[in-house]
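> pasting a predicted model and its sequence here:
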Amino acid sequence: MATLGPELEAATRAFIARAEVLLPAVQTDGDGLPPAPTALEDIGDSLRALVKGMPPLAEGQRARQFAAALADWPGFQSALLHTLAVVSRIKLEGPATEVEEEARRETGVAMRIMVTCVTVCLGRSGPGASTSPEPTRLNLAVVDFPRRLLRTETLQALAARLAEVRQAVSGGGAGQLKPTVFVSYCRLTNAVASLLNACLTLATVTSAAAGEAAAGVPSSSAVAAAEAEKQAAAVECYRSELAAALRSSYISEHIAATTLALLQAYSESRDLLSPEISGPRDQLLQAVSNCTHAMLRLAAEPAASATAAPGPSLCVSASVAPSLPASSPGQQHTSPLCVLRSAAALGPCASYLTLAYGMSVLSYMDGGGTRGLPEDVARALGELVRSGARARLHELASSPDEGLVISALRKVGPIARAAGQGSVASALQRLQALGWHTALGLAMRAARMGVRAAEEAAAGRTREQEVTALMAALEDRGTFRELFGEELAAAVAVGALKVTAQLRSLLPAASGADATGGSVQADQGAEWWRLMAAVAPYVGTMKMMDLFSAQGFGDCLRMHLPRMPRSADPLPPLTPPALASALAGGVLPCLERLIRRAAAAATGDAGAGQVTPEFLVLVSFEKASWTFVDSMNATWGWLAPLLAYGDPREAGALIASLGKALAGFDSASRGLNALLNDFTSNLCTVAPTWLDGAAARLVRGGALSPPERQLAGLLGAAAAAWLPEASRRIWSGLSRTQAGFVDCLMPLGCVSAGLRWLPLLSCAAAPTAGDAAAAAALPGMGTPATNVAETSSGGGGGGGGWGCFTEALFPRQVFIPLAVGIQQRANSDDGSRQALAPWTAEAACTFAALRPQEAAAAAAGSVLQIEQLRALTSELKAGGQAEAADAAEALAAQLVRWERGGGARGGGRGGGRAGAAASAAPLAARYGVWIPRLQSAAALLPAAPAAARQLLGGCSNPACANLEGDSDVALPLRACAGCGGAASYCSRECQTAHWRSGHREACRGGAGGGGRGGGG
């Protein structure tokens, strides 16, 4: 008991001793246990002493140690279960006597002890929790405790007590209900709701906890495997027992009905209108709201979430499975978790209470109607809002201290839960009863209210303005939105927008249309996207209802961004409806703002890596990416359509902001740096494949649509903006190698991006005369696979063209051997080694075809190793990459010939110079197989890096790192007077830097020389 400390251990032992001695003396009869005042008072004193010494829930590690010690103490479990069994079975006989009232109080104390123990064991925490919670480790005693509780039919006994409370409140003596008795009834109902919430929460997190517990020990350990299996079996048994208890006790219906009865008694009795009553009543509403949210979350959780493939198409129906009939009743609906989901579905009374509660609060917040809800019910349920307003006015009147103001604002947490998860979640759950349009209207109404409240809170209010607004609201002349802070309001808006998106995905089912085309994405509408963009600046790191508001926003954004599959099919000339709505709603500026704010916050903090709301939003985009290839496809899926169909200025600004954000980090940093690197390198890696497919259609006589031409140009702009940073990371990672081995400290995505663009951009540059002469004079060479003099240059091989740009970033004789070594040491489990193999072969073979003299020199100097190419050939053959395998095999054979026939020895062995010349041309044709396709793809790019950068707009300095403001488009620019305004700069520093890096020559040449600077 060392973790409890002497005082807590003494209090625990005192409680156990009193329970063992006193409770057996309580006699029972057929109708229940009569009260035993002395015994219950003594036990209650020891329980209260134990509660007083318990650590707060927010103290994660200390609270977990305390909970684990209690859970592992069998004597404490037995004593607490015995206490609960006694106090939950004390029968009510009409309005409670003073003795029975004390029993009700002890019931509440016992319930709170049990709930707190289970809750702390799960590591649950409040709004002030850390953004990096500690891993949860499952303790079997934690599961065993509620299982024993269920087996003693505690829920059934508590349901009977709640029924007796309703009878006492609704009977003829309800008007004479004493305030103290009313408070005891509220506390009892509160405790029951809290107990049910803890049981439901435990059922939803135990699987994850069991997985973490198993992961804490090496998988090869038989002990760990046996323990994990034991935990999984206990969890399944607990879920089955909880489902049975929910069905047999109807506990959620009893909680809802009792709450409504107590609220009705409160509104009808003048004796209950004292200030002392409002606290227990409001706490009851909060507990019932939390419990209902737990039931809705469990019932709406996707049944197949563990096996379904990630992607936006999953947003259609998974979260509303309880409301729709299953197509295969016998499939995936027999597990204990599925049975529990069915049992947790809200009944009529609980659904009515939740919907009425949310509707009442929503009406108070936005001033709208209540859709036929009786006025007395709406007012009773809305008293929580009015109490919050009165408390806020009291704080404003009593003290100007800012801390008290913040404390008062935090009291509106239950209001956010009610508005965000009451009416909206009930609308989703009760879809068929409400009707699709009604539910959608409620959700959008809550979203508008949340956005407006966040905007008003951000604008700020004076003390006088706040007092005036709250007084008007209490007099029914205004709304209560002043109670919201930015983050609370944003959490409500995000929750409502998430439900709205889910409802829109149900439109085919609601209208009876054929919904078999599950791949068609729902059009969320321009207003939905405008609200998403409007709420983005206000999402914060405060945790609301088990989810950070920023994280929930990011999940919603990722799930519903329109996507484009990675395929060679042509893009339609007209913007798809879902994408048109997203673009009209401002999704491009929204994403750019998130990136700029996240980068500015991280770099401004000197690289400390603090978690910011914007980072939490962006990091959710990587949740669906499990492998190297999946990550690339996911990024291409959401980013490429935005570039193809978006406003060119907005799309260019997004590319520029990504490049600036990426350049602001050191290659060894983590967090946002790695995320931005994934975004940029993933798009750069997939882009050449798309360009190759588009060029192939042109070769076959097809044509590119305007979105395709825009996408091709912006892909070139992205390469010009992002590849320099990828190159810097590669070579800075290389500097950390030891003993000649590549440690791969550079991000693998940077290597893959370099491998894809090196051959493509090499084909965009015409060879120099020296290259052609050297190729002709090389012994045993023959001719290249194609006439490289006719390649699509678009800027030539020097002077700022793609060739000079590429050679500066990825010098072939160094980068290609490096890439070959990295590929052979890459991880095959995540698919990275297999993906890098054909790209490595393409880069090496294209290098040899376009630069034969350099390739021959590399072979002679053992830079390109024949054995490595042969190993690569075998790997490509094993992976079914026949074309790439044949090219790599041909290059290996050519390297052998160069090695034997080159240098001072002339012809070498095996046939001499004539034999080498005769066989060189067929080999060159084989390893130069990619050249024609690459030339056609390169022709789609802008003429040179400078022309590509001009598509981005903004500051003309290529090294500009200005992240001020929310968009690159909004940066104020000043034109260069020397070149007639062809170049513009955001600051004097950028103008000076660009002048020194090459604009001096362009500016002296007159107008038209600058753009965003030279290509270098």
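Yep, that arrived. Numbers count the residues shown, from 1 in each chain.

> quick one: low-confidence parts of the stretch 851-1000 of the chain?
Across the stretch 851-1000 of the chain, residues meeting the criterion (pLDDT under 70) sit at 858-863, 901-921.

> again, but for the stretch 601-750 of the chain
Scanning the stretch 601-750 of the chain for pLDDT under 70 picks out the ranges 603-610, 623-626, 665-670, 733-746.

> could you redo the last one with a cut-off of 50?
605-607, 667-669, 736-744 (pLDDT under 50).

> for this structure, which helix is longest?
Secondary structure of the chain per DSSP state H: the longest helix is helix 179-215.

> what's it packed up against?
Contacts defined by 3 or more Cβ pairs under 8 Å, 6 or more residues apart in numbering; DSSP states H and E place helix 179-215 against helix 98-121, helix 140-151, helix 154-170, helix 222-249, helix 251-268, helix 275-300, helix 336-343. Placement of C-beta: from N, CA and C, glycine included.

> so for Ala447, which of those helices sits nearest?
Ala447 lies closest to helix 275-300 among the helices and strands packed on helix 179-215, at 17.7 Å (Cβ to Cβ).

> would you map the strands across this structure?
For the chain, applying DSSP state E gives strands covering 543-544, 547-548, 974-975, 984-985.

> how does the chain divide into domains?
1-123, 138-301, 957-1005 (the TED database).

> how about stretch 683-692: buried residues?
Buried residues in stretch 683-692, defined by neighbour count with 16 or more other Cβ atoms under 10 Å: 683-692.

> what's the farthest-apart pair in those residues?
Farthest pair in the buried residues of stretch 683-692, by Cβ to Cβ: Leu683 and Asp692, 15.2 Å.

> could you give the number of residues near Asp476?
Neighbours of Asp476 under the rule other Cβ atoms under 10 Å: 9.

> so who does it touch?
Neighbour list for Asp476: empty [criterion: Cβ atoms under 8 Å, 6 or more residues apart in numbering].

> for it, phi and psi?
With angles defined as degrees, to the nearest 10, Asp476 sits at phi 60, psi 30.

> and if you look at Ser956?
Torsion angles, degrees, to the nearest 10, at Ser956: phi -80, psi -10.

> for it, give its distance to Cys1003.
Separation of Ser956 from Cys1003 (Cβ to Cβ, to the nearest Å): 11 Å.

> between these two, which has more neighbouring residues?
Set Ser956 next to Cys1003 and count neighbours by other Cβ under 10 Å: Ser956 wins out with 28 against 20.

> and the residue lying closest to that one once chain neighbours are set aside, how many residues sit next to it?
What sits nearest to Ser956 in space, not counting adjacent residues and going by Cβ to Cβ, 6 or more residues apart in numbering, is Ala983, at 3.9 Å. The tally of other residues near Ala983 (other Cβ under 10 Å) stands at 28.

> could you do Gly965 as well?
Neighbour count of Gly965, defined by other Cβ under 10 Å: 15.

> give me the phi and psi for the closest residue to it other than its chain neighbours.
Spatial nearest neighbour of Gly965, chain neighbours left out: Leu971 (6.2 Å); criterion: Cβ to Cβ, 6+ apart. For Leu971, the backbone dihedrals are phi -70, psi 130 (criterion: degrees, to the nearest 10).

> report the contact partners of Leu971.
Shown in contact with Leu971 (Cβ under 8 Å, 6+ apart): 954-955, 962, 964-965, 986.

> please apply the same query to Ala993.
Per Cβ under 8 Å, 6+ apart, neighbours of Ala993: 957, 959.

> okay, it and Arg18: tell me how far apart.
Distance from Ala993 to Arg18, by Cβ to Cβ: 78 Å.

> and Gly372, by the same measure?
In terms of Cβ to Cβ, Gly372 sits 53 Å off from Arg18.

> surely Thr354 and Ser360 touch.
No: the criterion here is Cβ atoms under 8 Å, and Thr354 misses it with Ser360 at 10.9 Å.

> ok so, going back, could I get the contacts of Leu971 as CSV with distance to Phe679?
CSV is the format used below for the contacts of Leu971 (distance: Cβ to Cβ, whole Å):
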residue, distance to Phe679
Gly954, 19
Cys955, 21
Asn962, 20
Glu964, 21
Gly965, 20
Cys986, 23
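
> now, which of those residues sits nearest Trp636?
Checking the contacts of Leu971 against Trp636 with Cβ to Cβ, the nearest one is Gly954 at 24.1 Å.

> quick check on Glu153: phi, psi?
Dihedral angles (degrees, to the nearest 10) for Glu153: phi 60, psi 40.

> where does the stretch 401-550 of the chain dip in pLDDT?
By pLDDT under 50, the low-scoring segments of the stretch 401-550 of the chain are 401-433, 510, 512-519.

> which residues in it form helices?
If DSSP state H, counting those that start in this stretch is used as the criterion, the helices of the stretch 401-550 of the chain fall at 402-410, 413-417, 424-429, 431-434, 436-459, 463-474, 486-505, 507-511, 526-535, 549-560.

> quick one: which of the ones you listed is nearest Asn633?
For Asn633, the closest of the helices of the stretch 401-550 of the chain is helix 549-560, at 13.9 Å, according to Cβ to Cβ.

> so the closest one versus helix 486-505, what angle?
Orientation check (axes from the mean of the first three to the mean of the last three Cα atoms, to 10 degrees): helix 549-560 against helix 486-505 gives 20 degrees.

> just checking, what packs against helix 549-560?
helix 486-505, helix 526-535, helix 613-619.

> helices and strands around the last one, which ones?
Right, helix 613-619. Counting by 3+ Cβ pairs under 8 Å, 6+ apart, helix 613-619 packs on helix 549-560, helix 587-604, helix 672-699.

> pretty sure Thr840 sits against Gly821.
No: contact status for Thr840 versus Gly821: not in contact, 9.7 Å apart, counting by Cβ under 8 Å.

> so which of those two has more stuff around it?
For Thr840 versus Gly821, neighbours defined as other Cβ under 10 Å are more numerous around Thr840 (29 against 17).

> can you give me the buried ones in stretch 882-897?
Quick answer for stretch 882-897 (16+ other Cβ under 10 Å): 884-895, 897.

> no no, stretch 562-572
Across stretch 562-572, burial judged by 16+ other Cβ under 10 Å covers 562-564, 566, 571.

> repeat that for stretch 872-881.
Buried-residue list, stretch 872-881, by 16+ other Cβ under 10 Å: 872-873, 875-876, 881.

> nearest residue to Gly585 other than its sequence neighbours?
Leaving out its chain neighbours, the residue that sits closest to Gly585 by Cβ to Cβ, 6+ apart is Trp529, at 2.3 Å.

> what about the one you found, distance to Glu807?
43 Å.

> what do you get for Leu872?
23 Å.

> go on, Thr992?
Distance from Thr992 to Glu807, by Cβ to Cβ: 27 Å.

> which of these two has more neighbours?
Per other Cβ under 10 Å, whichever of Thr992 and Glu807 has more neighbours is Glu807, with 18 against 13.

> which pLDDT value goes with that one?
In the predicted model, Glu807 carries a pLDDT score of 87.

> please apply the same query to Ser792.
30.

> likewise the one 4 residues further on?
Gly796 carries a pLDDT score of 34 in this model.
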